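Participant: missing the sequence, but the structure's below:
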C-alpha cells in the first residue's frame, strides 16, 4: 500500500508541474514561471523527505532505546521531556 501511495504522490506531483497556471506567468516571462514552479516542486520534495527522515530517526531511536534496561530508558525519556532552562545550559 505504501508503494501505491508513493506512486500516487509522484503522479500528483507530475500533474501539478505539467500545468502552468497563468497567474504565475502574469508578467509574460515563461522562464521565470518555470523556474518558480521547479523551485516550489523541489521545496515540496525536500519538506517531505525531511519529514520522513525525522520519522525514520524517531523509529530508530525507539528501537535503540528498547534495547536498554527499563530504568535507563525511563531516565532518558524523562530527561528528554523536561524543558531546558537557561540555568541548565552549559555556557562556554
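Facilitator: Thanks, I have it. The structure presented is a predicted model; accordingly, all values stated were derived computationally and were not measured.
Participant: Strands of the protein, start to end?
Facilitator: For the chain, applying DSSP state E gives no strands.
Participant: and the lengthiest helix in it, what other elements does it pack with?
Facilitator: Assignment by DSSP state H gives helix 30-67 as the longest helix of the chain. Secondary structure elements in contact with helix 30-67, counted by 3 or more Cβ pairs under 8 Å, 6 or more residues apart in numbering; DSSP states H and E, are helix 2-18, helix 70-81. For the C-beta atoms, the positions are set from N, CA and C on the backbone; glycine is no exception.
Participant: If you average pLDDT over each of those, which is lowest?
Facilitator: Ranked by mean pLDDT, these bottom out at helix 2-18, with a mean of 56.
Participant: Now do the longest helix of the chain, average pLDDT.
Facilitator: If you average the pLDDT over helix 30-67, you get 93.
Participant: Quick one: work out the angle between that helix and helix 70-81.
Facilitator: Angle, helix 30-67 to helix 70-81, by axes from the mean of the first three to the mean of the last three Cα atoms, to 10 degrees: 150 degrees.
Participant: Buried residues of helix 30-67, list them for me.
Facilitator: 33, 37 (16 or more other Cβ atoms under 10 Å).
Participant: What sits closest to residue 65 if chain neighbours are left out?
Facilitator: In this structure, residue 65 finds its nearest non-sequential neighbour in residue 73, 5.0 Å apart by Cβ to Cβ, 6 or more residues apart in numbering.
Participant: residues contacting residue 65?
Facilitator: 73, 76, 77 (Cβ atoms under 8 Å, 6 or more residues apart in numbering).
Participant: Show me which of these is closest to residue 40.
Facilitator: The nearest member of the contacts of residue 65 to residue 40, counting by Cβ to Cβ, is residue 77 at 38.3 Å.
Participant: roughly how far apart are that closest one and residue 65?
Facilitator: 7 Å (Cβ to Cβ, to the nearest Å).
Participant: How about residue 29?
Facilitator: Counting by Cβ to Cβ, the gap from residue 29 to residue 65 is 53 Å.
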